[in-house]
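> give me a 3D structure for the following:
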Amino acid sequence: LQGSGRSLYIPAGTFNLGSAWHIETNISIQGAGIWYTTLYFTSTGSGGIVGNGDNVQLRDFYMNGENTTRTEYKGLTGGYGNNSIIERLWIEHFETGAWITTWTGIITNGLRVSFCRFRNNYADGINLSRGSSNCIVEQCNMRNNGDDAMATWSAFDGPQQCFNNEFRYCTAENTWRAGGIGFFGGGGHTGHHLLIKDSTENGIRINSDFPVVGNSFSSTLWIEVYETTVIGCGTNANLWHNRYGAVDIFTRLYNVQNFRLQNVDIQGSQKDAVMIYDVASAFRISNLEFINVTLNGAGLDGNINNYTTGTYDDYAGYGIYVLPETDGSMTITNTNICNSSSGQTRNDSGATFVINGAPGSTCNGNTNNAPVANAGPDQNLASGTTSANLSGSATDANGDPISFSWSQVSGPAATITNGSSANTSVTA
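Modelled structure (predicted):
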């Protein structure tokens, strides 16, 4: 589709398309809604929409196709230039839901992706790659994708690193390979107000497993995940018998640095809540910070023996597990680890990896613990005595407000004075 300023309205109905659509600058495609307008790509070799220009606008339609494999068959791909908008699309059964990249030199900058559904794709839900920067992915749902639900990768063959991409108010569910959100190179990225649940591998991952422009993460810009909940992620053994943490951090091709988790709850991890390691010991992990992080539950994979044939260990699950030959350090501040079947932390690289700070054990963010009440010592009244003073106390591990209520459970009738106070008296 070409022609500056052109708009295409697609009414309700199913429209069969024999090949991919290529769209250029100032093109707008408007459907009647995701329940009404369907674009169905009938070829097994070519499908989806390829962007190649600025100010592209795609809204309100559903995309599906004949593709049944993880091949070059992307729902959305290409370069969307400056200030393009993608809203209210539902994309499934493609190789990836959206792989925002550049094939012709058009670099994506300032793209906004809102209120979309990326489901049942064979690889990523959405990946901002090859120089894509200053993009926002918001209010989207990613479900049952076969690679990272959300990711940004400064791919080595791109024109520049990716910077300042933001994933916010999104949900990632049932990701059956890789992570709910992943960061690979670049810097300044954020993920916040996310719900990531039931990934068969990682919930959150950052690593140097993939080659990137400059062979590094940014040395000055941090990557941050905050105000996020991760539930039921990690694994004892994936399809290749590898163990992964719900939060998974490792080096392979270059250093990993400048990564912060803040105000994050990691709940019900299937193996380790956090797993840190080096695939290549020549590289370091540095400037790794956990602030106000709760790790509640680890080793919950349900495997009675906590061991699967082909895996390299049989530990039930730690809050933080640092594997041997890992080089670097991390700092934990106000980080609490609870209900980890093997213990709070295990550092098998004590000589080369330092954990600065000690974890607490109060998981306020995830468990509403019952308050502990104390009615004071038992009292025996002498014959002729008709009253007694009672002094109670209570504590609440979650810091919730405490109220008091005294009641009589047996014996002759008695009068309780001020039964809603910690201190009261009883008169027979």
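
> do I have it right that residue 172 meets residue 195?
Yes - between residue 172 and residue 195 there is a contact at 7.4 Å, judged by Cβ atoms under 8 Å. (Glycine included, C-beta is placed from N, CA and C.)

> ok, the two, which is more surrounded?
Just comparing residue 172 and residue 195: by other Cβ atoms under 10 Å the higher neighbour count belongs to residue 172, 30 against 16.

> which helix or which strand is home to the more buried one?
In this structure, residue 172 sits in strand 171-173 according to DSSP states H and E.

> that strand: how far from the chain's middle?
Its chain's C-alpha centre and that of strand 171-173 lie 8 Å apart, by Cα atoms, centre = their mean, to the nearest Å.

> same question, stretch 92-110
From the chain centre to the centre of stretch 92-110 is a distance of 22 Å (Cα atoms, centre = their mean).

> what about residue 159, how many neighbours?
10.

> helix or strand for it, which one?
Per DSSP H and E, there is no helix or strand for residue 159.

> wait, isn't it in contact with residue 106?
No - in this structure, residue 159 is not within contact of residue 106 by Cβ under 8 Å, at 10.1 Å.

> show me the contact partners of the strand holding residue 172.
Defining contact as Cβ atoms under 8 Å, 6 or more residues apart in numbering, one finds that strand 171-173 is touched by 125, 140-144, 149-150, 180-181, 194-199.

> closest one of these to residue 241?
Residue 241 has its nearest neighbour among those in residue 199, at 17.3 Å by Cβ to Cβ.

> OK, contacts around that closest one?
149, 172, 174, 175, 176, 179, 180, 232, 233, 234, 246.

> what's the end-to-end length of stretch 26-37?
Start-to-end span of stretch 26-37 (Cα to Cα, to the nearest Å) is 21 Å.

> what about it, average pLDDT?
The average pLDDT within stretch 26-37 is 96.

> give the buried residues for that stretch.
26, 27, 28, 29, 30, 31, 34, 37 (16 or more other Cβ atoms under 10 Å).

> assess the claim that residue 13 and residue 38 are in contact.
Yes - between residue 13 and residue 38 there is a contact under Cβ under 8 Å: 7.3 Å.

> quick one: which of the two has more around it?
The neighbour comparison of residue 13 against residue 38 (other Cβ under 10 Å) goes to residue 38, with 19 against 10.

> which parts of the protein are helices?
Counting by DSSP state H, the chain has no helices to list.

> tell me where it is predicted with low confidence.
Within the chain, the set of residues satisfying pLDDT under 70 comprises 1-4, 302-315, 364-372, 381-384, 395-400, 409-410.

> and the longest strand for it?
strand 285-298 (DSSP state E).

> all strands for the stretch 301-428 of the chain, in order.
320-322, 328-333, 336-340, 345-347, 353-356, 372-374, 387-391, 393-395, 415-417, 423-427 (DSSP state E, counting those that start in this stretch).

> who does the first one pair up with?
Just to be clear, that refers to strand 320-322. The sheet places strand 320-322 alongside strand 274-278 (parallel), strand 345-347 (parallel), with pairing taken from DSSP bridges.

> which residues does the closest residue to residue 15 other than its chain neighbours contact?
Nearest residue to residue 15 in three dimensions, chain neighbours excluded: residue 39, at 5.7 Å (Cβ to Cβ, 6 or more residues apart in numbering). Residue 39 sits next to 10, 15, 17, 61, 62, 63, 64 when contact means Cβ under 8 Å, 6+ apart.

> go again using 10 Å as the cut-off
10, 14-17, 21, 29, 31, 47-49, 61-65, 75, 89, 91 (Cβ atoms under 10 Å, 6 or more residues apart in numbering).

> now do residue 195
141, 169, 170, 171, 172, 173, 180, 203, 228, 229, 230, 231.

> now those residues: which count as buried?
Buried residues within those, counting neighbours by 16+ other Cβ under 10 Å: 141, 170, 172, 173, 180, 203, 228, 229, 230, 231.

> among the residues you listed, which one lies nearest to residue 333?
Nearest to residue 333 out of the buried ones among the contacts of residue 195 is residue 228 (Cβ to Cβ; 16.9 Å).

> hey, what's that closest one bridged with?
According to DSSP bridges, beta-bridge pairing links residue 228 with residue 264.

> correct me if wrong: it contacts residue 197.
No - proximity of residue 228 to residue 197 does not meet the contact threshold set by Cβ atoms under 10 Å, at 11.1 Å.

> can you list residues touching both of the two?
180, 203.

> what's the burial count for the closest residue to residue 19 other than its chain neighbours?
Sequence neighbours aside, residue 46 is the residue nearest to residue 19 in space, at 4.5 Å (criterion: Cβ to Cβ, 6+ apart). Residue 46: 16 surrounding residues under other Cβ under 10 Å.

> for residue 46, what are its contacts?
Residue 46 touches 17, 18, 19, 20, 65, 67, 72, 73, counting by Cβ under 10 Å, 6+ apart.

> from residue 417, how far out is the fourth one?
Remark: distance between residue 20 and residue 417 (Cβ to Cβ, to the nearest Å) = 81 Å.
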